[in-house]
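Q: how would this look folded up:
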Amino acid sequence: MAAFRYAYQKIVDLKSSEKTQAEWQLSSAIGVLQAEELSLSELRLKRAEWENKQHESSNEAVSLAELQLMQHYLEYLDSCIASKLTDVRQAERKVEYNRTNLADRMKDEKVWLKAKEHAKDRFRHVMQIKDQNELDEMATNRFKVSRSS
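A: Next comes the predicted model:
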């Protein structure tokens, strides 16, 4: 029996490769998002610590210059947090884009795999018909030989 060879196997392989690449890109984007979220949470924690220090210092005898310095640092942390929020939103958009891309690649691969499976089924059917025809021919020849004897 002949072996099945799909004419478009290279396309199936390409679609599979594209899906794998999309999975890697999504994984990478999720890693970036997690790093950005961690950085944001660290900035928020640092801001809370400095806010507590400023509050504690206001109850103690601390110079006005030190309080102003703390306030300027808190404002700086606020700007860092705002910038980091922008980075987080951008990373979230990248993750969503990569999720959509992966879904599209998975659909493409599935379409081509289904086409391959249908082609394989047709091949099997044709081979079964050929085998059955050969068996029928053998049976006919045997019948002819047994009738002529």
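
Q: hey, let's count contacts and neighbours off CA atoms from now on
A: Will do.

Q: quick one, what contacts the residue most central in space within the chain?
A: Centroid-nearest residue in the chain: Glu23, 3.1 Å away (criterion: CA atoms, centre = their mean). Residues in contact with Glu23 (CA atoms under 8 Å, 6 or more residues apart in numbering) are Leu102.

Q: any idea which element it lies in?
A: helix 9-59 (DSSP states H and E).

Q: and what of Ser79?
A: Counting by DSSP H and E, Ser79 is part of helix 64-148.

Q: Quick check: which helices or strands does that helix pack against?
A: helix 9-59 (3 or more CA pairs under 8 Å, 6 or more residues apart in numbering; DSSP states H and E).

Q: residues touching Ser16, list them.
A: Counted by CA under 8 Å, 6+ apart, Ser16 has contacts Glu109.

Q: I misspoke; the intended subject was Gln71.
A: Gln54.

Q: before we move on, the earlier item: quick one, the helix holding Ser79 and helix 9-59 angle?
A: Going by axes from the mean of the first three to the mean of the last three CA atoms, to 10 degrees, helix 64-148 is angled at 160 degrees with respect to helix 9-59.

Q: tell me the SS of Phe4?
A: Classification of Phe4 using DSSP: H, G, I helix; E, B strand; the rest coil returns coil.

Q: pretty sure it is touching His125, no?
A: No - look at Phe4 against His125 with CA atoms under 8 Å: they stay out of range, at 11.7 Å.

Q: buried ones in stretch 88-107?
A: Judged by neighbour count (16 or more other CA atoms under 10 Å), stretch 88-107 contains these buried residues: 88, 91-92, 94-95, 98-99, 101-102, 105-106.
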